[in-house]
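Colleague: Build me a structure from this.
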Amino acid sequence: MRQARAWLGQALLYAAFAIFIGAFSRWPTYEHLGPQRALIKLSFIHHGKRLQECRTVPPEELAKLPPNMRAPMDCPRERAPIIVEVDVDGALALREVAEPTGVSNDGAASVYRRLEVAAGRHQLAVRLRDSSRASGFDFERTETITLRPAQVLVIDFHPEQGGITLL
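Modeller: Sure thing, here's the model as predicted:
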């Protein structure tokens, strides 16, 4: 009799747990995007250009260094921050400044942002600066896009493929 009550108690606990999991798997409902909305994702990792050019170390300066430190070129490691601007229909929708990572500021800068927009036709302009120049941008792309409801457009950056890509 005692073992039957233990089995019954265990079955009731499992049933309660299954009902709990079942209820929260359907409620509350999660809506990724509102109706008639689309998403633009800006997502990339990129190394900015070096802030200073490499220089040749003169022989007399090399002679002062210990033998294991005599590198003929001195290349500062610090890199420029990445500046990205995104315009949607002529209005600035996003401006991001991504600092380089690493102790010496020599790592890649990463950007991940989401822009929720109305589905339909939009004029999209993306600008990126990865150098130490004071104004202007190194890469620009302007395009007219048509987004369907729930569509996700990814803006990426691949310098070897021409720069800013829309996927």
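Colleague: Quick check: next helix or strand after the longest helix seen in the chain?
Modeller: Criterion DSSP state H: the longest helix present in the chain is helix 2-26. Using DSSP states H and E, the helix or strand that follows helix 2-26 towards the C-terminus is strand 37-46.
Colleague: so how far is the following helix or strand past that next one off the chain centroid?
Modeller: Later in the chain than strand 37-46, the nearest helix or strand by DSSP H and E is strand 55-56. In terms of C-alpha atoms, centre = their mean, to the nearest Å, the centre of strand 55-56 is set 34 Å apart from its chain centre.
Colleague: now stretch 138-158
Modeller: 14 Å.
Colleague: quick one: buried residues of it?
Modeller: Going by neighbour count (16 or more other C-beta atoms under 10 Å), the buried part of stretch 138-158 is 138, 141, 145, 147, 153, 155, 156, 157. Placement of C-beta: from N, CA and C, glycine included.
Colleague: got CSV for these, with secondary structure, pLDDT and distance to residue 61 too?
Modeller: As requested, these are exported to CSV (DSSP: H, G, I helix; E, B strand; the rest coil; pLDDT from 0 to 100; distance: C-beta to C-beta, whole Å):
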residue, secondary structure, pLDDT, distance to residue 61
138, coil, 94, 33
141, strand, 95, 44
145, strand, 96, 54
147, strand, 96, 58
153, strand, 96, 52
155, strand, 96, 45
156, strand, 95, 43
157, strand, 94, 38
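Colleague: among these, which two are most distant?
Modeller: 138 and 147 (26.7 Å; C-beta to C-beta).
Colleague: before we move on, back to that, what does the longest helix of the chain rub up against?
Modeller: With contacts defined as C-beta atoms under 8 Å, 6 or more residues apart in numbering, helix 2-26 is touched by no residue outside it.
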